[in-house]
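Student: Generate coordinates for the sequence data below:
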Amino acid sequence: MTTTSKERLFPARQRCKTCGKGLGLRAQDPVYLGLYCTPQCAGMAASASRPEDAPRGCRTQREGTWVFKRRYRSEQEIP
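Tutor: Prediction:
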């Protein structure tokens with residue numbers, strides 16, 4: 001068993017493991033790794049808002065323009 005399998009994850013976990021803020025207070029609020037409220041709390045790179053700023057593994061070129069691959073914005077979000 002890993003340490004994360006012993007942890008209570010969202011939605012059972014209601015507060016961020018790092019800062020203690022509420023998790024998923026609104027429907028549009030993201031929850032990272034089931035434990036954290038922001039990428040900084042999770043120790044991840046911040047998500048890119050433009051495909052041009054995303055890492056190469058998270059974007060692809062279609063019809064001459066860069067677009068996101070599926071829904072991932074940073075390498076840490078890729079399972």
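Student: Could you use CA atoms for every contact and neighbour count after this?
Tutor: OK.
Student: what about the residue nearest to the spatial centre of the chain, distance to residue 61?
Tutor: With distances taken as CA atoms, centre = their mean, the residue of the chain nearest its centroid is residue 32 (4.5 Å). Distance, residue 32 to residue 61, using CA to CA, to the nearest Å: 27 Å.
Student: which residues of this protein fall in strands?
Tutor: 59-62, 65-68 (DSSP state E).
Student: Minimum distance to residue 11: which of those has it?
Tutor: Among the strands of the chain, the nearest to residue 11 by CA to CA is strand 65-68 (27.5 Å).
Student: avg pLDDT for the closest one?
Tutor: What strand 65-68 shows for mean pLDDT is 88.
Student: can you check stretch 22-41 too?
Tutor: On average, stretch 22-41 scores 90.
Student: First-to-last residue distance for it?
Tutor: 13 Å.
Student: Check which residues of that stretch are buried.
Tutor: By neighbour count with 16 or more other CA atoms under 10 Å, stretch 22-41 contains the buried residues 23, 24, 31, 32, 34, 35, 36, 37, 38, 39.
Student: same check, this time on stretch 9-20
Tutor: 9, 10, 13, 14, 15, 16, 17.
Student: From the chain's centroid, how far away is it?
Tutor: Its chain's C-alpha centre and that of stretch 9-20 lie 14 Å apart, by CA atoms, centre = their mean, to the nearest Å.
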